[in-house]
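[1] Turn this into a structure:
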Amino acid sequence: MTFSNGSLILVDYTAKIKDTGEVFETTNEVEAVKHGIAKEGVRLSPRLVSVDDNTYPVLKGFNEALTGMSVGDKITVEVPPEKGFGERNKNNVRMIPIRKLGDDADKVTVGDTVEVNNKKGIIRIIGSGRVQIDYNHKYAGKTIVYDINVLQSLESAHDKINAILTYRLGVNTDVAFDLSDKDVKVHIPSSLYRHDKLQYTKNFIQIDIFKFIPTLEKIIFIETFTNRNLTPKPDISSSVTSPGGMPGTDTSTSTNISNQNTTISNEKDDVYDGKDDTYDEEDDTYDEKDDVYEDNNTVDTGTNTNNNTSNDTK
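    From the prediction side, this is the model:
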C-alpha cells in the first residue's frame with residue numbers, strides 16, 4: 001500500500017554526488033564506515049519523513065519519490081539541482097576584507113566554512129588582504145543520487161511519539177515516556193537540562209505530537225533532580241549471613257518502590273493551541289553534555305493541552 005499525504009515513515013538512505021560519486025550523507029552505520037564519513041560518538045538511525053509534508057523536511061525530489069513507494073521498497077533516485085540544493089548563483093559569491101573575519105582572520109584557509117553577518121559561506125580565495133566567500137550551498141548545482149530503503153510506516157501512537165522525540169532531541173539521546181489514552185508524560189534526559197534551546201524544542205515536540213496524534217489531550221514534560229546535600233543512609237539489608245557465619249550474598253529479588261509522597265509536582269499552566277507558533281526552526285538537534293544528575297525528586301515542568309481536541313474525545 002502506497003503512502004498518503006502526511007504519512008510518517010522511517011527510511012534509510014545514502015546520498016552521493018552524481019558527477020564524482022562522493023558519498024556525503026547516510027543514515028546507515030555500515031555505509032558510513034565504508035565511505036569514511038562515520039563520526040566517533042555519533043549514532044546513526046533511520047530518518048523520519050512525513051510524506052508530502054514539510055514537518056520533517058527533505059529535498060523536494062526525495063519526497064516526491066516516496067509518494068509511490070511502500071514499506072520494503074528500495075529505489076535509486078536522481079535529484080536535479082532545481083529539486084535539490086538549488087542552482088548556483090554568482091551573486092552569492094562575495095569578496096570582502098579579511099579583517100571582517102575578526103579574530104579568525106589569521107587562522108582561516110581555503111575551504112573553511114565561516115559565518116559573516118549571520119550568513120555561512122565557504123572560503124574560495126584568500127589574497128591581498130581580501131577573502132572570497134561563496135554563500136551558495138555546498139552542493140548547489142549538483143545532481144544528487146539517493147539510494148532509499150523504506151523501513152517502516154508509523155501507525156501506532158507509541159511509534160509516532162518515539163520517532164518524534166528521537167528526531168527533535170537527537171538520536172544520541174534516549175528518551176522515556178509514559179503513554180495513556182489521553183496524555184503522554186515525557187521524561188527529559190538530565191543531559192539536556194541546561195541546553196539553551198530546550199524550551200523551543202519542547203514547543204516543537206508538542207506541536208508535532210498534537211498534529212500527528214490529534215486524540216491526545218495533554219503532553220507533560222518531566223525533569224527530575226536530586227538533593228545532593230542529603231547523605232544517603234547505608235543499606236544494611238544488602239549484606240546477609242550465610243550458613244557458617246560468613247558474609248554471603250543475598251540472592252533474593254529486590255524491588256525498588258518510590259514513595260509517591262516525595263514527589264514534588266509543580267504543574268504550570270503552559271497551554272498551547274498549536275496556532276500562534278512563530279518560531280523559526282533551525283538546528284534542533286542536541287549534543288549531549290556531561291550534565292550528570294541522579295534522578296529522584298521529580299518536577300513537572302509543564303502540561304501542554306491540545307485545544308484542538310473536540311469535546312467528543314474528552
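[2] Residue 79 is in contact with residue 18, correct?
    No: contact criterion CB atoms under 8 Å: residue 18 and residue 79 do not qualify, at 9.1 Å. The way it works is simple: take the backbone N, C-alpha and C, and place the C-beta from them, glycine included.
[3] got a list of contacts for stretch 112-121?
    92, 94, 96, 100-101, 104, 108, 122-123, 133-135 (CB atoms under 8 Å, 6 or more residues apart in numbering).
[4] could you dump these to a markdown table with neighbour count?
    As requested, these are exported to a markdown table (neighbours: other CB atoms under 10 Å):
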| residue | neighbour count |
| --- | --- |
| 92 | 15 |
| 94 | 13 |
| 96 | 14 |
| 100 | 14 |
| 101 | 19 |
| 104 | 12 |
| 108 | 16 |
| 122 | 17 |
| 123 | 18 |
| 133 | 24 |
| 134 | 19 |
| 135 | 15 |
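[5] Break this protein down into its domains, please.
    Domains of the chain are assigned by automatic domain parsing as 1-86+141-153, 90-134, 156-314.
[6] for the stretch 151-300 of the chain, what are the low-confidence residue spans?
    Along the stretch 151-300 of the chain, the parts satisfying pLDDT under 70 run over 171, 232-300.
[7] which residue ranges form the helices in it?
    Assigned helices in the stretch 151-300 of the chain, in chain order: 157-169, 198-212 (criterion: DSSP state H, counting those that start in this stretch).
[8] packing partners for the longest one?
    Other helices and strands packing on helix 198-212, by 3 or more CB pairs under 8 Å, 6 or more residues apart in numbering; DSSP states H and E, are helix 157-169, strand 218-225, strand 297-305.
[9] Next, the angle strand 218-225 makes with it.
    Inter-element angle recorded for helix 198-212 and strand 218-225: 150 degrees (by axes from the mean of the first three to the mean of the last three CA atoms, to 10 degrees).
[10] And for residue 212, nearest residue in space, chain neighbours not counted?
    residue 160 (5.2 Å; CB to CB, 6 or more residues apart in numbering).
[11] and the gap between the one you found and residue 206?
    13 Å (CB to CB, to the nearest Å).
[12] Who has more neighbours out of the two?
    Between residue 160 and residue 206, residue 206 has the larger neighbour count (other CB atoms under 10 Å), namely 26 against 18.
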